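Asker: Got a predicted model here, sequence first, then my questions.
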Protein chains: 2
Amino acid sequence: MAERPFHHGNLRAVLLDEATVVLRESGVDGLSLRDLARRAGVSHGAPRSHFVDRQALLDALAEVGFRRLTADVRAALDGPGDVRARFLRVAGVYVDFAIDDAALMDLMFQAKAQTGGWPPEVSAAAVELFTVLDAAMGPRSADTDADARDAFKMLFAATVQGIASLVSSHRVSRADGDRLVTEAMVMMLDSALAARTVSAG
Amino acid sequence: MAERPFHHGNLRAVLLDEATVVLRESGVDGLSLRDLARRAGVSHGAPRSHFVDRQALLDALAEVGFRRLTADVRAALDGPGDVRARFLRVAGVYVDFAIDDAALMDLMFQAKAQTGGWPPEVSAAAVELFTVLDAAMGPRSADTDADARDAFKMLFAATVQGIASLVSSHRVSRADGDRLVTEAMVMMLDSALAARTVSAG
DNA sequence: ACCTGAACACCGTTCAAGT
DNA sequence: ACCTGAACACCGTTCAAGT
């Protein structure tokens, strides 16, 4: 049974695993259905049974990406410390993910810009991430301004995304990126806490 | 002479122009040397005389992109107003460029992450942009801390890049993006001016 | 239900040949 | 110096056929 091809019933999972590796090593351009089929030891038409076209594979990759990032953020939220500490950890894991899996990150958010936005499965995974990120800001209360809260969320996302982008494009070193995350978070929290945008609890 | 093919002596420029249009409409994936040749009315091998391979075309596109962005930033610097006004205008044109030509922007900074970094021509055009951006911060003086100045530059770049990224991926509307630019700049300048990072002149 | 293998239209790249 | 056109190896996608 060792010589039995290992793609009996789990070719989809095998293709996704292979794709994850290739994506990290060679970027999206390096992803080819025929190459993945070759790596999995099946014919070039086989992937079609699990992914209608190349885009369907990319969408599936984006979905697992969102799930993994959500898990990372959740882990960063669980733990000791006040708002500052929590935000620093969340920003840290988010930037780390965006740098280590830059191609995947592009895939995840680029799919939304396509015609029709995210397909249902990807959308569900993305919404889950945003829910967790929202929870990171603490409970909504009467003394927090909803607009300011939204503005803070957007600024947080922009800053984190931007720093990751700078590191990915080698415009700043990874160490400088880490320092930037801290500086930016401190600055944002100082400005936001003064305006009671986020809960201090 | 109207029926004379218009590619006598300027095929390179024609190809670059066509490529700019295609890039904006269909992204990098839509760029094909054979298709550009077809549009220009030449054989599929003709582009080879001006671009050794597809990457050489992408590099040339990145170069003209840097030149155009540099011109935009320069124009934003010339004009009335104090540091705040100047920075708001610079951030504005930068974000506009990054949104309207998102694919080109990716190309410009992605080329640096490739093996070997930027080719000489692209590098020269990029350095010119950074020089102009540096000048936007005003003259260096004895009372400005060099480290804080670098940190501010990186934070500026990250914020601007991040906001553009959010708008490009449709995570925030263009209007919200504009608001974010203003808020982020005000916040950064408040924090930086207090530390004398940028010149008030 | 899942996989094979031929077929088709597209690529990038190379290169001898023309002007 | 610049362009043509055949050739090659690679794609994604479709589809009849097998099990």
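Answerer: Good, I have the coordinates.
Asker: Residue ranges in chain A under the pLDDT threshold?
Answerer: For chain A, applying pLDDT under 70 flags the ranges A:1-8, A:143, A:196, A:200-201.
Asker: and the nearest residue to A:Q110 once chain neighbours are set aside, what does it touch?
Answerer: Closest residue in space to A:Q110, ignoring its immediate chain neighbours: B:S169 at 6.6 Å, by Cβ to Cβ, 6 or more residues apart in numbering or on different chains. Placement of C-beta: from N, CA and C, glycine included. By Cβ atoms under 8 Å, 6 or more residues apart in numbering or on different chains, the contact set of B:S169 is A:109-110, A:112-113.
Asker: Quick check: the gap between B:S169 and DNA strand C.
Answerer: Distance, B:S169 to DNA strand C, by Cβ to the nearest atom of the strand, to the nearest Å: 25 Å.
Asker: cool, A:L166 as well?
Answerer: 28 Å.
Asker: ditto for A:L155
Answerer: For A:L155 relative to DNA strand C (Cβ to the nearest atom of the strand), the value is 39 Å.
Asker: Next up, identify which helix or strand that residue is on.
Answerer: A:L155 is part of helix A:146-168, with elements assigned from DSSP states H and E.
Asker: Repeat that for A:R171.
Answerer: Per DSSP H and E, there is no helix or strand for A:R171.
Asker: Count the residues that sit near it.
Answerer: Look at A:R171: counted by other Cβ atoms under 10 Å in any protein chain shown, it has 19 neighbours.
Asker: Then A:R67?
Answerer: 15.
Asker: For it, which non-adjacent residue is spatially closest?
Answerer: Spatial nearest neighbour of A:R67, excluding adjacent residues (Cβ to Cβ, 6+ apart): A:A125 at 5.5 Å.
Asker: before we move on, back to that, quick one: which of the contacts of B:S169 sit in helices?
Answerer: In helices, judged by DSSP state H, the following of those are found: A:109-110, A:112-113.
Asker: So among the contacts of B:S169, which ones count as buried?
Answerer: Neighbour counting by 16 or more other Cβ atoms under 10 Å in any protein chain shown classes A:109-110, A:112 among the contacts of B:S169 as buried.
Asker: ok, A:E18 touching A:R38?
Answerer: No: counting by Cβ atoms under 8 Å, A:E18 does not reach A:R38; the two are 9.6 Å apart.
Asker: neighbour count winner among those two?
Answerer: Neighbour count, other Cβ under 10 Å: between A:E18 and A:R38, A:E18 has more, with 17 against 13.
Asker: Go through the strand or helix carrying the more buried one and flag the buried ones.
Answerer: Using DSSP H and E, A:E18 sits within helix A:11-26. Buried residues in helix A:11-26, counted by 16+ other Cβ under 10 Å: A:11, A:14-16, A:18-20, A:22-23.
Asker: give the contact list for whichever residue of chain A sits closest to chain B.
Answerer: Closest approach between chain A and chain B, counting by Cβ to the nearest Cβ: A:G162, at 2.6 Å. Counting by Cβ under 8 Å, 6+ apart, A:G162 makes contact with B:157-163, B:165.
Asker: in chain A, which spans are helices?
Answerer: With helices called from DSSP H, chain A shows them at A:11-26, A:33-40, A:54-77, A:83-100, A:102-113, A:120-135, A:146-168, A:174-194.
Asker: Nearest to B:S173, out of these?
Answerer: Smallest distance to B:S173 across those (Cβ to Cβ): 10.1 Å, for helix A:146-168.
Asker: follow-up on the earlier one: redo the helices of chain A as a markdown table? Include distance to B:V28.
Answerer: Formatted as a markdown table, the helices of chain A follow (distance: least, Cβ to Cβ, whole Å):
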| stretch | distance to B:V28 |
| --- | --- |
| helix A:11-26 | 15 |
| helix A:33-40 | 19 |
| helix A:54-77 | 15 |
| helix A:83-100 | 20 |
| helix A:102-113 | 11 |
| helix A:120-135 | 21 |
| helix A:146-168 | 16 |
| helix A:174-194 | 25 |
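Asker: Among the buried ones among the contacts of B:S169, pick out the one closest to DNA strand D, please.
Answerer: Of all these, DNA strand D sits closest to A:Q110, with 16.0 Å by Cβ to the nearest atom of the strand.
Asker: any idea what sits nearest A:A60, other than its immediate chain neighbours?
Answerer: A:A60's closest residue in space is A:L16 (Cβ to Cβ, 6+ apart), at 6.1 Å.
Asker: ok, so what distance separates the one you found from B:A19?
Answerer: To B:A19, A:L16 is 34 Å away according to Cβ to Cβ, to the nearest Å.
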